[in-house]
Structure formats: C-alpha cells, structure tokens
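Asker: Any chance you could fold what I've pasted below:
(chains A and B)
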Amino acid sequence: MPAPILNPGFGEEALMQGKAKKTARYDNSAYLMILPSYLVFVTMVLVPIGWTVYLSFNDYDLKTTAWVGFQNYVNIFRDSIFISSIWHTVYFTLLTLVPTIVLSLLLAVALNKKIKGQGVFRTLFYLPHILSMVAVSLSWGYLYNAQAGIINRLLKTIGLAPVGWLTDPNVAMISVAIMSVWGSLGYNSLLFLAGLQNIPGYLYEAAEIDGATKVQQFFRITIPQLRPTTFYIFIMCCIHSFEVFGQVFILTGGGPSDATTTIAHQVYKNGFEYYKMGYASAEAVVLLIIILTITVINYRYGGNSND
Amino acid sequence: MTKQKRNNVLFFILMCLILVVYLIPVFFQVITAFKADKEISLMGFRWLPEKWTFDAFANAWKMANWPQAFANSVIMTVSVIVVCLSINLLAGYAFARLKFRGSDLLFIILLMGLMIPAQSIIIPQFIIVRSMGLYDTIWGSAICYLSAPMGVFLAKQFYLSFPKELDEAASLDGCSKFGTYIRVYLPLSTTIIATLTITKGTQVWNDFFYPLIMTTSQRNNTLQLCLQLFKGSSTTHFNWLMAAATVTSLPMVILYFSAQKYFVEGLQTTGMKN
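Answerer: Below is the predicted model:
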C-alpha cells in the first residue's frame, strides 16, 4: 500500500482519512469475541481432523494403541468392500447430481412464474426438506417395500413385474438416489429461485425487444446468469453425495450384500460396530481427501470461469 | 390475452399435479398412519383407509418412551441454539466490524470447516466426548453441534449490511466495541436470531447420527434416534411406523408453517456465498 501523500490541496478530509488509515489500530478485543466460537471449532473440528490422521497410522480399539505405519492404508485398499464402497459413493453422486440440478432449476423457473398461490406452492415444495432423514427414509422404505409397497402395487395393477427396490443389488442404490433427489429438490430449487430473482429484469426486456424467444432467453440469459448459484449447488451436492450416510443406514443398512454401502457407512461400521478405529480412521482420511479434492478442483475451475 | 389466461390456468393445473405427485410420500405416510393393522397386510390395495382409526398411533405410543425422547430432543436443541447464538453472533460481529491481525485467515479456516463431513471426524469426537465423561448423555451430541461455522458466517454477512455510522456514533458516545455490540447490534439482530434459530434448530432436531454414536441407553435417546430404533421393533407394522414418523415430524412442520419466512430467509442467505 503506497504511503498517503500529504497534499494540502486535498483538504482536511483527505488528510484525516490518510491519517486514520495509517494509525488504524487493531482491536485486540476481537480475539476475545471470536474465542468461544473458535475454541469449540478448534476442539471439535480442527483437532479431530489431525487426530483422525494420527489414528489412521495406529491400531486403536478404545483400549490399546499401537503404531502400525501405513498398514491401515494398505489394508483398506485390499479390502474389497471398502473399494466397492468408493465406487458406490461415486455411483450415488453421479445418480443424484445431474437430476438434482436439472430438476431443481426447472422447478425454480416454474415457481418464479407469477401464478395464483405462488407462495403456497413454494411452501409445499420446500416441505420435504424440513422433515428428518429418519422420517423420510421410513416412509420411502414403505413405498419401496417389495410386497406391501405402493410402487410395486401400482406396477402390478398396470401388469408389470415387481421390482426389488431395496432387495435387488442392482436397483437398491438407484432407490436410495431417487429418495435423496426427492428430499433435496425443494431446498435446491429455492436456492435457484433466489438466483433467478437476482437476475436484472432489463436483460429479459432487451432480449424481448431483440425478438428472442422464451427458450432462447432461458439458455442465453437465465443459465449464464445463474452460473454462481449453479456452481454453489454443484459443489454442495457433490460434497453431500460423497458423505452420504443416513439414507443408506436407515433405508438399506448398506445391503443387500453390501451393494449400497458407502465410504461414510464403512467408517461407521468399522469404527463403531467392529471398533477397528484406526482402520476406520484411514477410511475417514480417504473420505476427507476426496472431499477436499472436490472442493479445491471446483473452486479452481469455478473461480476461473466466474472472473 | 385470453390465450395468455388459458395458458396460466393450464400451468396452474400442471403445477398442482406435479405438487401432488411430489408430495405422495408425505400424503401416503399420513394416510397409512390412520389405517388399521389388517389393512396393511391386505392384498387388495386401497389409497384411503377403509376406516380411519387412531389405533396405529396408540400402538406406536406404547412401543417406546416417546415423551422422554421428546424431552431429550427439546432440551438438547434449545441448549445448542442458546449457546450457538450467544457465541456465533459475537464472533460474526467481530469478523464483520473489527480489525485484527489474521482475521481473513481465521475466517477462511473457519469456512473450511463447512466442508468437513461429520463421519470423517466422528472417531476423535467420540473419544473426546468419552474423555469428558459425556458419553451416553445428550450433551455428548450437543457439544458436537456447537461448532457452527455457518452460524458465524451468516452473522458476519448480516452485520456487514449494517451502516458503519452506527459504530462511529456508538464510539462517540463512549461505547467500547463490546458495548457497541451489546447495545447497538444485538437489539437489531432479530432477523438473524430467528434465521439461525431455525437453521440450527432444524439441523439439531432432525439429526440422528450424533445421538446414534454418542448414546446407548434408551433413556438418553433423542426423538430421531427413538424413531430409528422403533423401525427395528416394528418392521412390518407400517401403519405404526408411519404414525410415529408423522407425529415426530409434527413439531417441525408446525414451526415451519408458523415461521416460514425465516426458513426461506435462512436458506437463501445460506446459499448466497461470497
């Protein structure tokens, strides 16, 4: 920062500002004010991150700790269930990402139209988001149930064969994904809605004068203008998909025959069912690295295209 | 004009249809809760109950200690909200208004916390909670919820929109920075308090992961954990399950409909990143 030039021509105000900037004192009371929040953050998040990394080099079962070096990492990458859990997680992410973004964008555009009961529509579409994962999984578990479930009953009435929504290893992850998209649709579309409302109206007016159709306007104005929102939703969806746990735990328990087990689910199982905590920590570190990589790549890429 | 009008009506009908299809899982959950046991196993399927009955609610009620779980959830959620509000707003104010060395860096580190999945730090958190003697209490979960980078972030964003003249006027009146926060900023914080209460409240109330890890005794179950365990004890009684799911969702739904403005506000400010 260049030193302020004391030019009498600028008058007293400029002088005062320059002086204020130079002598601006730091408020050390700020540290006290952020201390409580930061203390909790450090003890419950930062320290646990380092601790997880440390544990991943040990065998730990809540009683004894033994340094094993990279052995846990060697073991988890030999563990076929863990390897397949990575693929299941990637598969789940691919299954949810595009439908979530496309459907919630369309829903947002629809909710942005001036129609009767607009507020009521918004309220009701957002409703699933406030329901707990447990409650949602219970009701979807019923819908999906092979015998009693309504989906299979409907299929039967139109003469189709029943599907093992949660019992067929090839289908179960798709079922989990459908439920997840359903649950996050209202939330993401409200984010898009906020983005839509920030697009200046004159852009559309100008396009209208130039004779652009609604479809052209959507692709040439709406989509580019929504880029920051889409980007944010994209990152958050990626992250949430990679840490998927609750849906899997309640809906399928990782089954059938481990077909829906995910990284986070493996961490839980190894850590808290088998008490192989060092082993589970190594898996947790893998999860952490994946998520940090996604974040970094996304910000790199997104940062460039936004400027 | 008439074509426009007709299109609008068609669009309205279309939206109603989509909404109905979208909410089928919710409708169906509520409807099933009112069905009698024998209707659940019945092969012939009906949407609506033959006879509306509260039997499923009564049976689900007997199966678990719901009032205890409800009380646990309320105590835990309220305490977390109170502590989070009092520490996050203050930190948000400091980040928004005070100059101090390393403020940017400290803030960015805090934001990175948003990206950390709970499952990747749960093992040390579990060890910490155990060593504090909080294992198998609702406080074990509560302490994990206290770390709230989002709360600090939202509070900072909120206070940034305040005019700087407020601070100058307050400091001319001889207020310290802390005094300014207490006397000037805090009384103007109703919106952010409501928003944070609702976002944090929903998160804590609806979570079952931390209670699952941090508690074992039945008397320390939260509502969501109780619901989750209830699933195991009544697998085929879907009407009981749906009754329990419906009732446990009610508090949140009621809160949502009565304070919907803040739900939406919280959500949209959360989405307004950088």
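
Asker: tell me the contacts of residue A:26?
Answerer: B:99, B:100, B:101 (CB atoms under 8 Å, 6 or more residues apart in numbering or on different chains). Heads up, the C-betas are built off the backbone N, CA and C, glycines and all.

Asker: ok, so of those residues, who is nearest residue A:244?
Answerer: Each of these was checked against residue A:244 using CB to CB; the closest is residue B:100, at 38.7 Å.

Asker: right, and the closest one touches residue A:30 too?
Answerer: Yes - counting by CB atoms under 8 Å, residue A:30 is a contact partner of residue B:100 at 4.0 Å.

Asker: List buried residues within the contacts of residue A:26.
Answerer: Neighbour-count burial (16 or more other CB atoms under 10 Å in any protein chain shown) is assigned, among the contacts of residue A:26, to residue B:100.

Asker: can you put the contacts of residue A:26 in CSV and add distance to residue A:288 and pLDDT?
Answerer: Below are the contacts of residue A:26 laid out as CSV (distance: CB to CB, whole Å; pLDDT from 0 to 100):
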residue, distance to residue A:288, pLDDT
B:99, 33, 88
B:100, 29, 89
B:101, 29, 89
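
Asker: check the contacts of residue A:26 against chain A, which are close?
Answerer: The overlap between these and the neighbours of chain A (CB under 8 Å from any CB of the partner chain) comes to B:99, B:100, B:101.

Asker: From the residues you listed, pick the one nearest chain A.
Answerer: Checking these against chain A with CB to the nearest CB, the nearest one is residue B:100 at 4.0 Å.

Asker: Need the nearest residue in space to residue 257, chain neighbours excluded.
Answerer: No chain in the question, so chain A it is. Nearest non-adjacent residue to residue A:257, counting by CB to CB, 6 or more residues apart in numbering or on different chains: residue A:169, 5.9 Å away.

Asker: please go with chain B instead
Answerer: In this structure, residue B:257 finds its nearest non-sequential neighbour in residue A:123, 7.5 Å apart by CB to CB, 6+ apart.

Asker: Tell me how many other residues surround the one you found.
Answerer: As a burial measure, residue A:123 scores 16 neighbours (other CB atoms under 10 Å in any protein chain shown).

Asker: mind checking pLDDT for it?
Answerer: With respect to pLDDT, residue A:123 scores 87.

Asker: Tell me where the model's unsure across chain B.
Answerer: Applying pLDDT under 70 to chain B picks out residues B:1, B:41-45, B:234-235, B:266-274.

Asker: which one's the longest helix in it?
Answerer: helix B:66-97 (DSSP state H).

Asker: Would that helix count as contacting chain A?
Answerer: Yes - counting by CB under 8 Å from any CB, chain A has neighbours in helix B:66-97: B:86, B:87, B:88, B:90, B:91, B:93, B:94, B:95.

Asker: What parts of the stretch 151-274 of chain B come near chain A?
Answerer: Within the stretch 151-274 of chain B, the residues that sit near chain A (CB under 8 Å from any CB) are B:151-152, B:176-178, B:181, B:202, B:205-209, B:213, B:224, B:227-228, B:231, B:236, B:238, B:241-242, B:244-246, B:248-249, B:252-253, B:256-257, B:260, B:263-264, B:267-268, B:271-273.

Asker: Would you enumerate the residues in contact with residue B:101?
Answerer: Residue B:101 neighbours (CB under 8 Å, 6+ apart): residue A:26.

Asker: Leaving out sequence neighbours, find the closest residue to residue 176.
Answerer: If you meant another chain, say so; for now it's chain A. residue A:247 is the one closest to residue A:176 (CB to CB, 6+ apart), at 5.2 Å.

Asker: Oops, wrong one, chain B.
Answerer: Nearest residue to residue B:176, sequence neighbours excluded (CB to CB, 6+ apart): residue A:29, at 7.3 Å.

Asker: before we move on, back to that, just send the ones next to chain A among the contacts of residue A:26 back as JSON lines, with secondary structure too.
Answerer: Below are the ones next to chain A among the contacts of residue A:26 laid out as JSON lines (DSSP: H, G, I helix; E, B strand; the rest coil):
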{"residue": "B:99", "secondary structure": "coil"}
{"residue": "B:100", "secondary structure": "coil"}
{"residue": "B:101", "secondary structure": "coil"}
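
Asker: ok, those residues vs residue B:27, which is closest?
Answerer: Of all these, residue B:27 sits closest to residue B:100, with 53.3 Å by CB to CB.

Asker: Just want the phi and psi numbers for the closest one.
Answerer: The phi and psi values for residue B:100, taken as degrees, to the nearest 10, are phi -150, psi 150.

Asker: mind listing what it touches?
Answerer: Counted by CB under 8 Å, 6+ apart, residue B:100 has contacts A:26, A:27, A:28, A:30, A:31, B:94.

Asker: Any of the residues you listed buried? List them.
Answerer: Buried, going by 16+ other CB under 10 Å: A:27, A:30, A:31, B:94, out of these.

Asker: mind putting these in JSON lines, distance to residue A:151 and secondary structure included?
Answerer: Output for the buried ones among the contacts of residue B:100, formatted as JSON lines (distance: CB to CB, whole Å; DSSP: H, G, I helix; E, B strand; the rest coil):
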{"residue": "A:27", "distance to residue A:151": "60", "secondary structure": "coil"}
{"residue": "A:30", "distance to residue A:151": "56", "secondary structure": "helix"}
{"residue": "A:31", "distance to residue A:151": "57", "secondary structure": "helix"}
{"residue": "B:94", "distance to residue A:151": "52", "secondary structure": "helix"}
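
Asker: roughly how far apart are the spatially most central residue of chain B and residue A:256?
Answerer: Centroid check for chain B by CA atoms, centre = their mean gives residue B:202 as the closest residue, at 0.9 Å. Distance of residue B:202 to residue A:256, computed by CB to CB, to the nearest Å: 32 Å.

Asker: Please apply the same query to residue B:97.
Answerer: In terms of CB to CB, residue B:97 sits 55 Å off from residue A:256.

Asker: Spell out which parts of the stretch 201-307 of chain A neighbour chain B.
Answerer: A:229, A:232-233, A:239, A:242-243, A:245-246, A:250, A:263-264, A:267-268, A:271-272, A:277, A:280-281, A:284-285, A:287-288, A:291-292, A:295.
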